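*Asks:* one predicted model, sequence on top.
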Amino acid sequence: MTDNAQMLAEQRRALILDEVRRRGGVRVNELTRQLNVSDMTIRRDLDALARVGAVEKVHGGAVPAGPARTHEPGFAAKSALELSAKEQIARAAARLVSPGAAIALSGGTTTYALARELTGIERLTVVTNSVPVSEVFEQAHRAGGPAATVVLTGGVRTPSDALVGPVADRAIRSLRFDLLFLGTHGVSPEAGLTTPNLAEAETNRTLVASARRTVLVADHTKWGTVGLSTFAELSEVDTWVTDAGLPSEAVETARELIDEVVLA
């Protein structure tokens, strides 16, 4: 390989890495069109970037590599992050809920913020695998608010205070609900919705399968983060309620894959 060819390869890989970081993932077929090279060339570039730990290859493309893949912060630690964005998302998502609805809320700090917005709605049935979410409704009722029917799934408790595992999965499979409000560790066009916790991934898949409509509630910082396990493709999400901090390029990409993207 000549020095000029080597330089071209390095420049191309730098462009690819920038795209991965900016968009949260890339597809081989998109890169071939964008860079006007063959599939084989792009795959070699991705192999080279993967060898140095810059990206992780996934089916059809690549996503960012990083420690977020297996690290699961605790509920308290996550609660302190992006508070304003989570509150805005929660208020916007709450407008999707009508009195008498049967809904589900997954574990997570954004769904916890949403639960606090829902306590004034009459005759709700709430399925959740989140201990903090169930406590929000109980405390609101004790304070004189409407009584929601809360179904807590049971299961094994994760660091993020979600209940997961076979007990939770069996309970969820026996139920059907109108709306699922789903939190996530990461959002990527390539890897979809991901979490570092394998058991939580399976429980989240079960929640998605039991819902007529899935609403993702996740702030802009989740874009480009990829956890160990994928539990849903973006095409399985009906609505994504996020905040205005999501970059315009990410909004465009998300709208190609999700029916509705709401910026709170």
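*Replies:* Nice, I can see it. Everything numeric here is computed off the predicted structure, so don't read it as measured data. Numbering: from 1, shown residues only.
*Asks:* residue ranges in the stretch 1-150 of the chain under the pLDDT threshold?
*Replies:* Along the stretch 1-150 of the chain, the model assigns pLDDT under 70 to residues 1-7, 66-81.
*Asks:* now the helices for it?
*Replies:* 3-23, 28-35, 39-51, 75-79, 83-94, 109-118, 131-142 (DSSP state H, counting those that start in this stretch).
*Asks:* quick one: contacts of the first one?
*Replies:* To tie it back to what came earlier, the one meant is helix 3-23. 1, 26, 31, 34-35, 37, 41-42, 45-46, 48-49, 54-55, 62-64, 189, 224, 247, 249-250, 253 (C-beta atoms under 8 Å, 6 or more residues apart in numbering). The way it works is simple: take the backbone N, C-alpha and C, and place the C-beta from them, glycine included.
*Asks:* do the same with the fifth one
*Replies:* Counting contacts by C-beta under 8 Å, 6+ apart, the residues outside helix 83-94 that touch it are 109-110, 113-114, 116-118, 121, 181, 215, 217-221, 241-243, 245, 262, 264.
*Asks:* out of those residues, which are buried?
*Replies:* For the contacts of helix 83-94, a burial check counting by 16 or more other C-beta atoms under 10 Å picks out 109-110, 113-114, 116-118, 121, 181, 215, 217-221, 241-243, 262, 264.
*Asks:* let me know which of the helices of the stretch 1-150 of the chain is tucked in deepest.
*Replies:* Compared across the helices of the stretch 1-150 of the chain, helix 109-118 shows the largest average neighbour count, a mean of 24 (mean count of other C-beta atoms under 10 Å).
*Asks:* reformat the helices of the stretch 1-150 of the chain as TSV; add distance to residue 125.
*Replies:* Shown next, in TSV, are these (distance: least, C-beta to C-beta, whole Å):
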stretch	distance to residue 125
helix 3-23	38
helix 28-35	43
helix 39-51	46
helix 75-79	24
helix 83-94	16
helix 109-118	12
helix 131-142	11
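*Asks:* does the residue nearest the centre of the chain belong to a helix, a strand or coil?
*Replies:* By C-alpha atoms, centre = their mean, the chain has its centre lying nearest to residue 184, at 3.2 Å. Put simply, residue 184 is coil when judged by DSSP: H, G, I helix; E, B strand; the rest coil.
*Asks:* now the nearest residue to it once chain neighbours are set aside: which helix or strand?
*Replies:* Excluding its sequence neighbours, the residue lying closest to residue 184 (C-beta to C-beta, 6 or more residues apart in numbering) is residue 193, at 4.4 Å. Using DSSP states H and E, residue 193 sits within strand 192-195.
*Asks:* what pLDDT, on average, does the helix or strand following that strand get?
*Replies:* Once the chain leaves strand 192-195, the next helix or strand it forms, by DSSP H and E, is helix 198-209. Helix 198-209 shows a mean pLDDT of 95.
*Asks:* give the other helices and strands that helix 198-209 contacts.
*Replies:* strand 163-164, helix 166-173, strand 177-182, strand 192-195, strand 229-232 (3 or more C-beta pairs under 8 Å, 6 or more residues apart in numbering; DSSP states H and E).
*Asks:* quick one: these as TSV, columns for mean pLDDT and distance to residue 132 too.
*Replies:* Output for the helices and strands packed on helix 198-209, formatted as TSV (pLDDT from 0 to 100; distance: least, C-beta to C-beta, whole Å):
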stretch	mean pLDDT	distance to residue 132
strand 163-164	96	11
helix 166-173	97	15
strand 177-182	97	14
strand 192-195	94	17
strand 229-232	94	20
